[in-house]
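[1] what would the 3D arrangement of this be:
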Amino acid sequence: MSSDYTVSATVRADVGKGASRRLRRLQGEIPAIVYGGEKAPQMLNLIHKDLIRLLNDEAFYTSILTLDVDGQKESVVLKDLQRHPAKLRVLHADFLRVNADTPITLHVPLHFLNEDICVGVKLQGGNITHAATDIEVQCLPKDLPEFIEVDMAKIETGTTLHISDLVLPAGVSSTALALGEDHDQAIATVHAPRGASSDDEAEDTASDAE
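    Down below sits the predicted model:
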């Protein structure tokens, strides 16, 4: 995936907890780091308000980003965020350098489609619960999907979808499935209407008595 996002940063020379607190409080910036590839890790400063604006776009999390450090540009992905537990504030950001020929591992969001016309909901009166909102995938940077679609249109009540039921884009694999069938995580379930099981059992009992 080509990058539509540029993250501007400056090199951070002053390190440590005290320096990070001053950075956030006095300068409106936050500490960050970029690592990976053949280069040494580099400590950075980011403008907090600019990062928050980028984070409002879901695609930012699964895009190949351009990191501009004092005019020097390189391709990266956002690998981790440390957020404030109570405030809309990022405390630290981690970026991973990417190489076109080296697979990367990243969490990609799931987009559930056609839930309003799902057979199990519209015709059978069931309801949908989500067991996961994203999955971890591995692929080359050029194959990194923005999201993965989960079509719920034909799913009936009593059905649970797993990672193995997903249609992954070409070149993309699930890291969980690579570990074996025991790691085939549930994604979503269409539950039968409350009381449906008991009613069915009662009907079966009555049929047996006849």
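
[2] and the next element down the chain from the longest strand along the chain?
    Across the chain, the longest stretch assigned as strand under DSSP state E is strand 72-83. Proceeding N to C from strand 72-83, the next assigned helix or strand is strand 90-97, under DSSP states H and E.

[3] what are the ranges of the strands in the chain?
    Listed in chain order, the strands of the chain (DSSP E) span 6-11, 29-35, 42-47, 65-69, 72-83, 90-97, 104-113, 127-130, 134-139, 148-151, 159-162, 173-174, 186-191.

[4] what pairs with Thr10 across the strands?
    Per DSSP bridges, the residues bridged to Thr10 are Asn45.

[5] distance of it relative to Ile47?
    9 Å (C-beta to C-beta, to the nearest Å). In this view, the C-beta of every residue, glycine as well, is placed from N, C-alpha and C.

[6] what do you get for Leu91?
    Separation of Leu91 from Ile47 (C-beta to C-beta): 14 Å.

[7] might one say that Met152 is in contact with His111?
    No - counting by C-beta atoms under 8 Å, Met152 does not reach His111; the two are 10.6 Å apart.

[8] more neighbours, these two?
    Taking neighbours as other C-beta atoms under 10 Å, Met152 and His111 compare with Met152 leading, 21 against 13.

[9] spatially, what comes nearest to that one if we skip its sequence neighbours?
    What sits nearest to Met152 in space, not counting adjacent residues and going by C-beta to C-beta, 6 or more residues apart in numbering, is Cys118, at 4.5 Å.

[10] list the contacts of the one you found.
    For Cys118, the contact set (C-beta atoms under 8 Å, 6 or more residues apart in numbering) comprises Gly126, Ile128, Met152, Ala153, Lys154, Ile155, Val190.

[11] just these now: which is nearest Val98?
    Among these, Met152 lies closest to Val98 (C-beta to C-beta), at 32.5 Å.

[12] give the contact list for the closest one.
    Applying C-beta under 8 Å, 6+ apart, the residues contacting Met152 are Phe112, Leu113, Asn114, Glu115, Cys118, Ile128, Ala188, Val190.

[13] how about low-confidence regions in this structure?
    Of all residues in the chain, those with pLDDT under 70 make up the ranges 1-3, 14-27, 196-210.

[14] in CSV: the contacts of Met152, plus distance to Asn99.
    Listed next are the contacts of Met152 as CSV, based on distance: C-beta to C-beta, whole Å:
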residue, distance to Asn99
Phe112, 33
Leu113, 33
Asn114, 37
Glu115, 38
Cys118, 41
Ile128, 39
Ala188, 35
Val190, 41
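
[15] most neighbours, which of those residues?
    Neighbour counts for those peak at Cys118, which has 25 neighbours (criterion: other C-beta under 10 Å).

[16] that one and Ser8, how far apart?
    Cys118 is 44 Å from Ser8, where distance means C-beta to C-beta.
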